[in-house]
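S.K.: structure for this input, please:
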Amino acid sequence: MSQKLRIVFGDFLKSLRQLWLECIGGIFLGLGILFVLAAIQEYRKYVNSPQVGTGRFLLVILSSGVMFFFALESFWKARKPRS
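M.R.: As a prediction, the model looks like this:
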């Protein structure tokens, strides 16, 4: 019985997984863009008053890099054929 269900719903579940990965990749990409915009604001604050320091700027840059990495990995997994 489970083999029959796997045959019937196999393609549907594969498509649903691909859609999930693409949606999550889009969310991570959006967050990465928001972090880049925040990094630009932090850089402008740093240029205007260097005594503030670069800690927040570096943290936002690191966060945006991580979000872009997660987005690329999610899109990569969505396109990679699954055996």
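S.K.: and stretch 72-83, which residues are buried?
M.R.: For stretch 72-83, the neighbour count (16 or more other CB atoms under 10 Å) marks 74-75, 78 as buried. For every residue, glycine as well, the C-beta is placed using N, CA and C.
S.K.: helices of the chain, start to end?
M.R.: With DSSP state H as the criterion, the chain has helices at 2-48, 55-79.
S.K.: reformat these as TSV; add mean pLDDT.
M.R.: Converted to TSV, the helices of the chain look like this (pLDDT from 0 to 100):
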stretch	mean pLDDT
helix 2-48	92
helix 55-79	95
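S.K.: now, of those helices, which is deepest in the fold?
M.R.: Most buried of these by mean neighbour count (mean count of other CB atoms under 10 Å) is helix 55-79; its value is a mean of 15.
S.K.: got the angle for that helix vs helix 2-48?
M.R.: Angle, helix 55-79 to helix 2-48, by axes from the mean of the first three to the mean of the last three CA atoms, to 10 degrees: 160 degrees.
S.K.: helices or strands up against helix 55-79?
M.R.: If you count contacts as 3 or more CB pairs under 8 Å, 6 or more residues apart in numbering; DSSP states H and E, helix 55-79 packs onto helix 2-48.
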